[in-house]
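Peer 1: sequence unknown, structure follows:
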């Protein structure tokens with residue numbers, strides 16, 4: 001009998017210069033991925049900014065024809081989607097760890113990430129829309145949620161305890177985005193203000209947001 005073999009899949013073309021390349025845009029999701037990569041301080045890692053409306057970056061088009069951002073490319077393949085990217089970076093480069101070792105701790109991080117992604121991130125993204133009424137509604141709801149969630153921010157440490165995790169990276173990106181948009185944190189949310197100050201004082205935060213990524217022409 002003639003054996004049937006599945007056709008071999010075409011190999012993924014590596015990023016230029018082989019190595020780690022993170023393609024990002026002007027979005028909260030991209031800011032989050034950039035911050036996680038900065039925390040890992042990976043030697044030779046590159047960040048390339050895809051400018052909206054600019055000519056298509058040929059390297060990026062080959063790697064991800066859908067042109068979705070953020071996208072990560074390295075020797076292992078191509079990955080799209082902020083949540084998948086940040087967890088991949090943490091596993092691929094385990095030091096410093098951004099996820100707890102214990103299963104219960106990892107579950108807590110994932111639950112907090114789910115809440116952050118599905119409840120707060122959309123409100124921040126709505127602030128950057130074009131419908132004024134929707135923007136004002138999102139701003140009001142976001143500030144209410146931040147003020148009501150003050151009990152989650154301890155006087156010291158981070159969102160889930162003394163260890164800095166992927167959740168704190170997400171909060172760092174969110175708070176940075178609000179600062180860019182001129183949104184001031186509620187005066188009553190003193191614990192949140194202190195937490196934001198701790199995040200912005202981290203060396204990785206400063207490297208990430210004070211140094212502009214390389215832009216595609």
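Peer 2: Yes, it's here. If you're wondering where the values come from, they're calculated on a predicted model, not measured in any experiment.

Peer 1: hey, let's count contacts and neighbours off CA atoms from now on
Peer 2: OK.

Peer 1: what's the burial count for residue 104?
Peer 2: Residue 104 has 10 neighbours, counted by other C-alpha atoms under 10 Å.

Peer 1: any idea how far it is from residue 90?
Peer 2: Distance from residue 104 to residue 90, counting by C-alpha to C-alpha, to the nearest Å: 17 Å.

Peer 1: which parts of this protein are helices?
Peer 2: For the chain, the helices defined by DSSP state H occupy 28-40, 58-63, 82-92, 103-115, 121-126, 132-148, 166-180, 190-200, 203-210.

Peer 1: quickly compare those and say which is most buried.
Peer 2: helix 28-40 (a mean of 24; mean count of other C-alpha atoms under 10 Å).

Peer 1: so it versus helix 82-92, what angle?
Peer 2: 10 degrees (axes from the mean of the first three to the mean of the last three C-alpha atoms, to 10 degrees).

Peer 1: pLDDT of helix 28-40, averaged?
Peer 2: Confidence for helix 28-40, expressed as mean pLDDT, is 97.

Peer 1: low-confidence bits of the chain, can you list those?
Peer 2: Along the chain, the model assigns pLDDT under 70 to residues 1-18, 130-131, 149-151, 154-155, 211-217.

Peer 1: how's the chain carved up into domains?
Peer 2: The chain breaks down by automatic domain parsing into domains covering 21-96+206-215, 103-202.

Peer 1: residues in contact with the spatially most central residue of the chain?
Peer 2: Nearest residue to the geometric centre of the chain (C-alpha atoms, centre = their mean): residue 32, 1.7 Å. Taking C-alpha atoms under 8 Å, 6 or more residues apart in numbering, we find residue 32 in contact with 82, 86, 169, 170, 172, 173, 174.

Peer 1: no further questions, thank you.
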